[in-house]
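Participant: With the sequence up front, the predicted model follows.
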Amino acid sequence: MSRYTGRCACGAVTATIAGEALTVRQCWCRQCQQIAAGSPTTNAMFATDAIALQGDLATTSYVAASGNTLTQSFCGTCGTQVMGQSSARPQFRTIRLGFIDAPNDLAPQVTIWTEDAPPWAVIDPALERFPRQPPPPPQRN
């Protein structure tokens, strides 16, 4: 049974996610700001094997400030951001909250790469903060 479902704006890419989110993060790195119109991305991290994607994804990869290769996946038809994955953590995928059909219970817990946030950024003081790359979350059984 899926815990979450997701779809892009045009419906060409869909997903079912069987597991619970390991963490929900807002990322202020410059690459995330570029894909989120200047704001952070908000991402739920899931175990890779909990995610079943249908449809064709377009991807772009680059070496991030962390030194890891990041691959960003999106719908090649409508451009909806779907997920990111890091070469350092192949056991996880970060699913963009905008892709998830009903992400209402996936509130951010952590904000990362705060040193890249613009001076006007409003960051919830209740969130755990990391100026750069955080340690990986523990994998739940």
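Facilitator: Here it is on my side, so go on.
Participant: Could you list the buried residues of stretch 66-75?
Facilitator: Residues of stretch 66-75 classed as buried: 70, 72-75 (neighbour count, 16 or more other C-beta atoms under 10 Å). To be clear about C-beta, it is placed using only N, CA and C from the backbone, and glycine gets the same treatment.
Participant: How far off centre is stretch 62-73?
Facilitator: Distance, stretch centre to chain centre, for stretch 62-73: 13 Å (C-alpha atoms, centre = their mean, to the nearest Å).
Participant: ok, residues contacting that stretch?
Facilitator: 29-31, 35, 57-61, 81-88, 113, 116, 132-133 (C-beta atoms under 8 Å, 6 or more residues apart in numbering).
Participant: change it to 7 Å
Facilitator: 29, 31, 35, 57, 59-61, 82-88, 133 (C-beta atoms under 7 Å, 6 or more residues apart in numbering).
Participant: Select only the buried ones of these in PyMOL?
Facilitator: To isolate in PyMOL the members of the contacts of stretch 62-73 that are buried, counting by 16+ other C-beta under 10 Å, one can use:
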select buried, resi 29+31+35+57+82+83+84+85+86+133
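Participant: In strands, which of the contacts of stretch 62-73 appear?
Facilitator: 57, 59-61, 82-86 (DSSP state E).
Participant: Among the buried residues of stretch 66-75, which has the minimum pLDDT value?
Facilitator: Among the buried residues of stretch 66-75, residue 70 has the lowest pLDDT, at 92.
Participant: Figure out the helix or strand that it lives in.
Facilitator: strand 69-75 (DSSP states H and E).
Participant: who touches the worst-scoring helix or strand of the chain on mean pLDDT?
Facilitator: Lowest mean confidence among the helices and strands of the chain (mean pLDDT, DSSP states H and E): helix 30-35, at a mean of 92. When contacts are defined by C-beta under 7 Å, 6+ apart, helix 30-35 is touched by residues 39-41, 64, 70, 72, 81, 116.
Participant: Of those residues, which qualify as buried by neighbour count?
Facilitator: 40-41, 64, 70, 72, 81, 116.
Participant: Could you spell out the sheet neighbours of the strand holding residue 70, each with its direction?
Facilitator: strand 57-63 (antiparallel), strand 81-86 (antiparallel) (DSSP bridges).
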